[in-house]
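Asker: Prediction below, plus the sequence it came from.
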Amino acid sequence: MDTQEIAKLVNSRWTHQIRGGDHRFIDISIVEAEGRFFVRQYKFGKRSWREAFLENSDGAMKIGDKIFNVDGVVPKDLDEVNPKVNKAYFKKMNIVYWLMRLTYDRSKHGASTTELVPKL
């Protein structure tokens with residue numbers, strides 16, 4: 001499976017699952033922007049999926065019954081990619097995303113943007 005096929009799967013669903021390190025799979029929305037895959041943290045805790053990725057980038061994303069091994073990393077171009085990720089979330093979630101943004105600290109959540117790089 002290539003990146004374009006994974007993008008079709010990601011874009012066909014609202015809810016996906018990710019696992020960082022030995023963390024369990026959790027539900028989350030993955031967005032695709034320009035052939036890259038991103039997630040954001042909306043709850044901050046010590047044993048979060050993001051903390052697991054920061055300790056060890058090995059992980060996986062699960063879309064339906066398909067599991068793809070990924071590296072979960074902080075994008076090197078975070079400032080440039082964040083507006084694209086915002087657009088991708090708006091496209092996927094539409095008005096729900098803007099309602100969510102009203103109740104969250106936007107900069108904190110934008111700073112948590114994590115890229116899922118498939119290991120193909």
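Answerer: Perfect, thanks for sending it.
Asker: Run through who's touching stretch 4-22.
Answerer: Around stretch 4-22, the neighbours that count as contacts under C-beta atoms under 8 Å, 6 or more residues apart in numbering are 25-32, 35, 37, 39, 49-53, 55-56, 58-64, 66, 68, 70, 72, 92-93, 116, 118. Glycine gets a C-beta too; all of them are placed from N, C-alpha and C.
Asker: Quote the end-to-end distance of that stretch.
Answerer: Looking at stretch 4-22, the gap from its leading to its trailing residue is 27 Å under the measure C-alpha to C-alpha, to the nearest Å.
Asker: Please identify the buried residues of it?
Answerer: The neighbour-count criterion (16 or more other C-beta atoms under 10 Å) identifies 6-7, 9-10, 16-21 as the buried residues of stretch 4-22.
Asker: Leaving out the residues flanking it, which one is nearest to Ala111?
Answerer: Nearest non-adjacent residue to Ala111, counting by C-beta to C-beta, 6 or more residues apart in numbering: Leu78, 7.5 Å away.
Asker: Gly20 versus the closest residue to Asp2 other than its chain neighbours, what's the distance?
Answerer: Excluding the flanking residues, the one nearest Asp2 by C-beta to C-beta, 6+ apart is Leu120, at 6.7 Å. Leu120 is 19 Å from Gly20, where distance means C-beta to C-beta, to the nearest Å.
Asker: show me where this protein has strands.
Answerer: Taking DSSP state E as the test, the strands found in the chain are 16-20, 26-28, 31-33, 36-39, 58-63, 66-73, 114-118.
Asker: Take these and write them to TSV, including mean pLDDT and distance to Val85.
Answerer: Listed next are these as TSV, based on pLDDT from 0 to 100; distance: least, C-beta to C-beta, whole Å:
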stretch	mean pLDDT	distance to Val85
strand 16-20	95	15
strand 26-28	94	14
strand 31-33	96	6
strand 36-39	97	5
strand 58-63	96	16
strand 66-73	97	14
strand 114-118	98	9
